[in-house]
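Engineer: this one's structure only:
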């Protein structure tokens, strides 16, 4: 059972470039989230989804887009990369009623913007 | 709205000593509380969760946490630290259902031989 799979694991971009971080889960979880982790700031929620076709903004959504066309996939798009988006990005999923269920995390994507 | 505060960004203990990592929460309704552990270059893994069934919650790897409503606390403890416990620990709070989960800023645990 693969759980939550994130690709790529590492990426270097130039300012202004766009890219998509991929996230896939094979647990049939309804609830999926994207977080960014920065030193001393814990995990901050970027966007989340409570099911296919339903997404909402988190704490730090600016500069990022998401869509959820299937239960399994929840890609995160950087529209025009900025150095402030250098971070480690984590995707997580949880079953129905996500708030009272533990989240399952991927291993992260380490993104550097030059 | 909810929030969580972890006191101490770095904690050092000797191998075999008590581990105490502090977490205080703020919530307008009874919350769901979680502790996660993160090893280097990995994602977060669930240690334990509180969902109102019992105030003392036992988790994996010998960790436990006690929910104290009067103190709005959910501190994580382990009687005897092991070298393998060195990691970063995150406390998290949620109001349940489809509500968002809010994470603390994390505490890095160092275990000294």
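Structural biologist: Great, that's in hand. Just so you know, these numbers come straight off a predicted model, no measurement behind them.

Engineer: how about the strands in chain B?
Structural biologist: Here chain B has its strands, by DSSP state E, at B:2-7, B:10-14, B:19-27, B:32-38, B:44-50, B:56-58, B:64-68, B:73-78, B:87-94, B:101-103, B:107-112.

Engineer: do you know which of those strands lies nearest residue A:28?
Structural biologist: Closest to residue A:28 of the strands of chain B is strand B:44-50 (C-beta to C-beta; 18.3 Å). C-beta coordinates here come from the backbone N, C-alpha and C atoms, glycine included.

Engineer: grab the nearest non-local neighbour of residue 3.
Structural biologist: All of this refers to chain A. residue A:104 (5.6 Å; C-beta to C-beta, 6 or more residues apart in numbering or on different chains).

Engineer: my bad, the chain I had in mind was chain B
Structural biologist: residue B:26 (4.6 Å).

Engineer: the one you found: how many residues sit nearby?
Structural biologist: Residue B:26: 13 surrounding residues under other C-beta atoms under 10 Å in any protein chain shown.

Engineer: can you check the one 5 residues further on too?
Structural biologist: Residue B:31 is flanked by 27 other residues according to other C-beta under 10 Å.

Engineer: find the nearest non-adjacent residue to residue 71, please.
Structural biologist: In the absence of a named chain, chain A is used. residue A:52 (5.3 Å).

Engineer: hmm, no, I was thinking of chain B.
Structural biologist: Computed as C-beta to C-beta, 6+ apart, the closest residue to residue B:71 that is not its neighbour in sequence is residue B:24, at 7.6 Å.
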